[in-house]
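Undergrad: No letters, just coordinates:
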């Protein structure tokens, strides 16, 4: 007579039949979805009420520098999160055919290679005089009366008060 463990006996005694367990799970899931829809609808109505009550002057102007900066910040963060999630997805895709640590190592190496390539490109551009901005020109000094208009030498004293 085969012996069964007491844990296996407790599991079969506590669990209903698999079809019934699945039906209970589906019923609970449907109830959760219904509650979620009700909550979303309540939030939607609350947002509508708040948007009607808010004055139009509180709406940010699109060309304000702070608003534009916030939009770029949000775009940058969203792009970062997209790249991060895509990297995880790619690592888990590789995980299907190899060890998890090796899949993440490969993805990390790809990102390190991309970072190095971007670093080298920036370094090359920084050294290239065509892409490096020229330093600002020194401000022009007004010519003193009786001079040729050439800038004064460093040793020549400039009198703040011209002779009358």
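TA: Cool, got the structure. None of these values were measured; they are calculated from a predicted model.
Undergrad: What count of nearby residues applies to residue 107?
TA: 19 (other C-beta atoms under 10 Å). Yep, even glycine has a C-beta here, placed from its N, CA and C like the rest.
Undergrad: Which residues are in contact with it?
TA: 87, 90, 91, 94 (C-beta atoms under 8 Å, 6 or more residues apart in numbering).
Undergrad: just residue 111 next, same as before
TA: Contact partners of residue 111, counting by C-beta under 8 Å, 6+ apart, are residue 87.
Undergrad: Show me which of the contacts of residue 107 is closest to residue 139.
TA: Distance to residue 139 across those (C-beta to C-beta) is lowest for residue 87, with 50.2 Å.
Undergrad: what about the nearest residue to that closest one once chain neighbours are set aside, helix or strand, and which?
TA: With C-beta to C-beta, 6 or more residues apart in numbering as the criterion, residue 87 has its nearest non-adjacent residue at 5.3 Å, and that residue is residue 107. Assigned by DSSP states H and E, residue 107 belongs to helix 100-127.
Undergrad: how about that helix: buried residues?
TA: 103, 104, 107 (16 or more other C-beta atoms under 10 Å).
Undergrad: what's the answer for stretch 87-102, then?
TA: Buried residues in stretch 87-102 (16+ other C-beta under 10 Å): 91, 94.
Undergrad: ok, longest helix in the chain?
TA: In the chain, assigned by DSSP state H, the helix with the most residues is helix 18-53.
Undergrad: quick one, whatever helix or strand comes next after it and helix 100-127 angle?
TA: Sequence-wise, the next helix or strand downstream of helix 18-53 (DSSP H and E) is helix 65-95. On the basis of axes from the mean of the first three to the mean of the last three C-alpha atoms, to 10 degrees, helix 65-95 is oriented at 140 degrees to helix 100-127.
Undergrad: so what does helix 65-95 touch, helix or strand wise?
TA: With contacts taken as 3 or more C-beta pairs under 8 Å, 6 or more residues apart in numbering; DSSP states H and E, helix 65-95 sits against helix 100-127.
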